[in-house]
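Undergrad: Please find the sequence and the predicted model below.
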Amino acid sequence: RTDLELNDYNSAIEKFEGALTWDPNNIDARLGLFEAGVLKGNERLIMKNANIVKRAASGRNDDGVDKSKVAATFLLAAEHYFKKDKFSECDRMLKSAESLGSKGTRNLELKGHLAFAKGESGDAKKHYLAAVEAGSEDAKVALNLARIERADGNLAEAEGYIQKAMKASPAEAHVELARISESRDKGDEALDHWKKAVEANPSLHSARLGLANILLRRDEAKAALEHAEQAKSLRSDDIASRLAVADCKFRLKDYDEAVEESSSSRDARLDAADAARAPLWAALFDALAAHEQWRPLLATAARLAPRPWFRSFRARLCDGAVTRALAAPCAALAQRAVLRRRARAAASWDEDQSTEAADDSDARAVLEDVASVARARPSAVDAALLASIRDALKTFHPAALAAFDGTAAAPAARSSSFGGRRISLGPSPE
């Protein structure tokens with residue numbers, strides 16, 4: 001506990017794990033590991049200990065477990081996952097915190113942020129207004145309320161919320177005022193706000209891009225190029241920034257550079273198009289899962305794994321089917337491992353029994369896909385499935401285990417997801 005207070009998380013984790021070695025039922029050590037995991041951002045420790053700590057805090061109120069402290073730790077875990085854009089885990093941790101009695105403005109603010117990030121503006125507004133009524137002075141709450149009101153056409157209400165955020169977040173506030181000015185066709189006023197936003201925070205991507213775009217509309221391509229390139233450097237994967245740079249160079253008659261910049265945006269545009277079709281991908285995955293077509297489902301997911309959109313929150317609709325597609329081969333390989341151990345045991349008693357090495361090339365091919373998809377969609381992998389994947393890799397493809405755990409380079413991409421022999425994936429794990 002002293003190490004935790006001193007922010008020496010590694011030492012604290014080592015000591016808590018040592019305590020569990022002597023007493024696996026030591027709930028104080030479990031709670032300590034959970035807290036250390038949250039404070040350090042170690043998601044393996046968070047997921048491993050969260051349910052045990054929650055059951056202890058929910059079921060036994062007089063065994064020394066500080067229920068309010070556990071609730072506060074779950075709320076910290078929810079905030080950690082929100083910052084990582086892992087919204088399903090954030091929601092789960094937030095619900096656990098509230099089930100243990102966590103209440104207040106931080107809960108309402110986080111519920112509003114979560115709904116806003118999901119595009120659920122009605123729920124976001126409800127939670128934000130409740131947070132404001134409870135005394136919230138968070139600038140992000142005020143700015144998101146302003147964005148909701150602006151989207152609904154309530155510009156005066158939006159300006160009121162923006163002014164509340166001006167002192168704490170001047171750059172973001174001027175960005176929102178610039179957008180309101182643009183919607184009113186007040187170009188000079190908008191330009192002034194864009195410039196003030198960049199002055200307040202030169203590293204704010206939206207401010208740089210907004211200033212570049214308004215300068216382009218005013219035919220000031222040379223001045224716009226500086227801000228477009230800054231926006232691109234801040235977010236190299238942003239299509240709008242790349243296209244703004246290309247537009248500037250085209251207007252400056254730097255045609256070769258403009259063409260090159262436009263071409264580099266092509267893959268990003270294709271990725272964005274796939275992201276827009278995420279519900280269709282999810283429907284395809286669900287249909288394959290419903291018919292237990294694990295091999296084509298896993299092969300398709302493996303081909304999508306390198307794509308940025310598939311690694312982002314936008315692919316969350318696919319997570320249910322992906323989870324089942326990952327679990328099926330792991331279950332089949334676990335059964336294969338059991339049968340092989342029995343065969344080896346029988347061979348040790350029967351000298352006539354063949355002991356030649358088995359060909360596991362099919363298992364290795366499948367497990368490379370499993371590993372790549374699991375890395376791309378960690379939100380689809382809970383603690384039990386993670387353990388199953390690691391067990392399968394350890395048994396059938398130990399060379400890939402280090403890469404999967406992040407301690408070595410990932411295996412090179414293969415031209416075929418299911419080369420070699422077929423592997424029977426068996427029935428659905430459900």
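TA: That came through, no problem.
Undergrad: Could you list the low-confidence segments of this structure?
TA: With pLDDT under 70 as the threshold, the chain has low-confidence stretches at 59-64, 258-275, 347-358, 406-430.
Undergrad: Looking at the chain, which helix is longest?
TA: Ranked by residue count under DSSP state H, the longest helix found in the chain is helix 319-349.
Undergrad: Residue 242 versus the residue nearest to residue 177 when sequence neighbours are not counted, what's the distance?
TA: Nearest non-adjacent residue to residue 177, counting by Cβ to Cβ, 6 or more residues apart in numbering: residue 193, 4.6 Å away. In this view, the C-beta of every residue, glycine as well, is placed from N, C-alpha and C. In this view, residue 193 and residue 242 are 24 Å apart by Cβ to Cβ, to the nearest Å.
Undergrad: same thing with residue 22?
TA: Taking Cβ to Cβ, one finds residue 22 at 57 Å from residue 242.
Undergrad: The two: who's more crowded?
TA: Taking neighbours as other Cβ atoms under 10 Å, residue 22 and residue 242 compare with residue 242 leading, 23 against 8.
Undergrad: ok, that one touching residue 232?
TA: Yes - in this structure, residue 242 is within contact of residue 232 by Cβ atoms under 8 Å, at 6.0 Å.
Undergrad: quick one: secondary structure of residue 300?
TA: helix (DSSP: H, G, I helix; E, B strand; the rest coil).
Undergrad: residues contacting it?
TA: By Cβ atoms under 8 Å, 6 or more residues apart in numbering, the residues touching residue 300 are 284, 285, 288.
Undergrad: Look up how far residue 363 lies from the last one.
TA: Right, residue 288. On the measure of Cβ to Cβ, residue 288 and residue 363 end up 21 Å apart.
Undergrad: So which of the two has more stuff around it?
TA: Looking at residue 288 and residue 363 with other Cβ under 10 Å, you find the greater number of neighbours at residue 363, namely 24 against 20.
Undergrad: Kindly provide the distance from the residue nearest to residue 177 to residue 211.
TA: 10 Å.
Undergrad: Between the two, point out the one with more neighbours.
TA: residue 211 (27 against 24).
Undergrad: who touches that one in this structure?
TA: Here residue 211 is in contact with 191, 194, 195, 197, 198, 224, 227 (Cβ under 8 Å, 6+ apart).
Undergrad: rerun at 6 Å
TA: Counting by Cβ atoms under 6 Å, 6 or more residues apart in numbering, residue 211 touches 194, 198, 227.
Undergrad: Please list only the buried members of those.
TA: 194, 198, 227 (16 or more other Cβ atoms under 10 Å).
Undergrad: In helices, which of those appear?
TA: Members of the buried ones among the contacts of residue 211 lying in helices (criterion: DSSP H): 194, 198, 227.
Undergrad: Distance to residue 139 added to these, as JSON lines?
TA: JSON lines is the format used below for these (distance: Cβ to Cβ, whole Å):
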{"residue": "194", "distance to residue 139": "19"}
{"residue": "198", "distance to residue 139": "18"}
{"residue": "227", "distance to residue 139": "24"}
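Undergrad: closest to residue 74 among these?
TA: residue 198 (39.0 Å; Cβ to Cβ).
Undergrad: Surely that closest one and residue 206 touch.
TA: No - in this structure, residue 198 is not within contact of residue 206 by Cβ atoms under 6 Å, at 10.1 Å.
Undergrad: for stretch 89-101, which positions count as buried?
TA: Buried-residue list, stretch 89-101, by 16+ other Cβ under 10 Å: 89, 90, 91, 92, 93, 94, 96, 97, 98, 100.
Undergrad: element containing residue 54?
TA: Using DSSP states H and E, residue 54 falls within helix 43-59.
Undergrad: helices and strands around the next helix or strand after that helix, which ones?
TA: Proceeding N to C from helix 43-59, the next assigned helix or strand is helix 67-83, under DSSP H and E. Using 3 or more Cβ pairs under 6 Å, 6 or more residues apart in numbering; DSSP states H and E, the elements in contact with helix 67-83 are helix 27-40, helix 43-59, helix 87-99.
Undergrad: Can you list the neighbours in contact with helix 67-83?
TA: Applying Cβ under 6 Å, 6+ apart, the contact partners of helix 67-83 are 35, 38, 41, 46, 53, 57, 89-90, 93-94, 96-97, 100-102.
Undergrad: hang on, the earlier thing: pick the most buried one from the helices and strands packed on helix 67-83.
TA: Ranked by mean neighbour count, the helices and strands packed on helix 67-83 are led by helix 27-40 with a mean of 22 (mean count of other Cβ atoms under 10 Å).
Undergrad: Next, the angle helix 43-59 makes with that one.
TA: Angle of helix 27-40 versus helix 43-59, following axes from the mean of the first three to the mean of the last three Cα atoms, to 10 degrees, is 130 degrees.
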